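Student: One predicted model, sequence on top.
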Amino acid sequence: MPPEPYFEIDPDPETAKRIRKERDKARALKRTPWWKQQLHKGRCHYCGNQFQPDQLSMDHVVPLARGGKSTKGNTVPACHECNRKKKLETPAEAVLRKLSEA
């Protein structure tokens, strides 16, 4: 099965500016001991599987494009597959999607 295309949005200029600012904060957060510790735990927040730190990426639970922030409370390590699958979903939308798939 081919990979799903990256979900892109075309935000208004003010939203794009806010997202750029939050991405800068995320880059800074990735350099902190807290984030490095999260990666070294090696667990994907969504599927719970173990991974090497370089196989995990930072995911914003509430996506930046949906108003999320780059804070410790809104960022989690996620495997690449789960991160792609989540796209721009909020936690509530992910639960509803899973229920509809069952």
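Tutor: Perfect, thanks for sending it. Numbers count the residues shown, from 1 in each chain.
Student: For the closest residue to L39 other than its chain neighbours, list the residues it contacts.
Tutor: Of all residues not flanking L39 in the chain, P53 sits nearest, at 4.0 Å (C-beta to C-beta, 6 or more residues apart in numbering). (Each C-beta comes from the backbone N, C-alpha and C, glycine too.) Neighbouring residues of P53 by C-beta atoms under 8 Å, 6 or more residues apart in numbering: 39-40, 42.
Student: For whichever strand or helix holds K25, buried residues please.
Tutor: Using DSSP states H and E, K25 maps to helix 13-30. Applying a neighbour-count criterion of 16 or more other C-beta atoms under 10 Å, the buried positions in helix 13-30 are 18-19, 22, 26, 29-30.
Student: any idea how far A65 is from R23?
Tutor: Going from R23 to A65 by C-beta to C-beta, to the nearest Å gives 11 Å.
Student: following the helix holding K25, which helix or strand comes up?
Tutor: helix 33-41.
Student: before we move on, back to that, off-centre distance for the helix holding K25?
Tutor: 13 Å (C-alpha atoms, centre = their mean, to the nearest Å).
Student: Could you do stretch 37-48 as well?
Tutor: 12 Å.
Student: got the CA positions of that stretch in CSV?
Tutor: Output of stretch 37-48 as CSV, limited to C-alpha atoms (Å, rounded to 0.1, in the frame of the first residue of the first chain):
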residue,chain,number,x,y,z
GLN,A,37,14.5,11.8,28.2
GLN,A,38,11.2,11.3,26.5
LEU,A,39,12.9,9.9,23.4
HIS,A,40,15.2,7.6,25.4
LYS,A,41,12.1,6.0,27.0
GLY,A,42,11.6,4.7,23.4
ARG,A,43,7.8,4.4,23.6
CYS,A,44,5.3,5.7,21.1
HIS,A,45,2.6,7.7,22.8
TYR,A,46,-0.1,6.3,20.5
CYS,A,47,0.6,2.6,19.8
GLY,A,48,2.8,2.0,22.9
